[in-house]
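In: Provide a 3D model corresponding to the input given below.
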Amino acid sequence: MIVAVKRTNYTKLIVKIVAFAAVVALFTVYYFQLSEKFKGEEVQQTPQDVENVLKEKRASDIETVIFDEAQIAIELIAQDKIRTIKVIGRKLYIATDPDASLDALMVRYGVMALVKTSVSDIKIAIDLKQIVESKYNVSGL
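Out: Numbers count the residues shown, from 1 in each chain. A predicted model of the protein is given here:
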């Protein structure tokens, strides 16, 4: 019977510890080098930049409000009755079939929805400025 006694090799253990320490040291140096690089690239925002960002956010919020109102109007009339829908200026223009029911639309928008009925279609103009200002507390359009 052969008995093998395994002894700890201290040189291999020291090499492993040194290699691990070297890897940790490289990662820390790399981390501090990148953090200094990003500090140097960090640009101070001017008040004009902040104002432009706020204007863009406000514009996107108003665009979302207009899109939501267009979806609500389409659902109130029934999507299969809609011919065209456009946003021009401060108005939402909708052209529908002549047999479309506008009762729900008139209940929601009231005098803000101007309706013109003809033989070929019904044209509806909804004032978006009043909707944006009153319903969503955003001043101006």
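In: so where do the strands sit in the chain?
Out: Shown for the chain, the strands assigned by DSSP state E span residues 82-88, 91-96, 113-117, 122-127.
In: list the buried residues in the shortest one.
Out: Right, the one you point to is strand 113-117. Using 16 or more other Cβ atoms under 10 Å as the burial criterion, the residues of strand 113-117 that qualify are residue 113. Yep, even glycine has a C-beta here, placed from its N, CA and C like the rest.
In: per-domain residue ranges of the protein.
Out: Annotated domains of the chain cover 8-42, 47-135 [automatic domain parsing].
In: about what we covered before: out of the strands of the chain, flag the one nearest residue 4.
Out: Closest approach to residue 4 among the strands of the chain is made by strand 82-88 (85.2 Å; Cβ to Cβ).
In: buried ones in that closest one?
Out: Neighbour-count burial for strand 82-88, counted by 16+ other Cβ under 10 Å, picks out residue 85.
In: please save the CA atoms from that strand in PDB.
Out: Extracted as PDB, the C-alpha positions of strand 82-88 are listed here (Å, rounded to 0.1, in the frame of the first residue of the first chain):
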ATOM      1  CA  ILE A  82     -63.400  58.300 -38.100                       C
ATOM      2  CA  ARG A  83     -62.100  59.300 -41.500                       C
ATOM      3  CA  THR A  84     -59.300  61.700 -40.600                       C
ATOM      4  CA  ILE A  85     -57.800  63.300 -37.500                       C
ATOM      5  CA  LYS A  86     -55.300  66.200 -37.600                       C
ATOM      6  CA  VAL A  87     -53.800  68.600 -35.100                       C
ATOM      7  CA  ILE A  88     -53.400  72.100 -36.700                       C
END
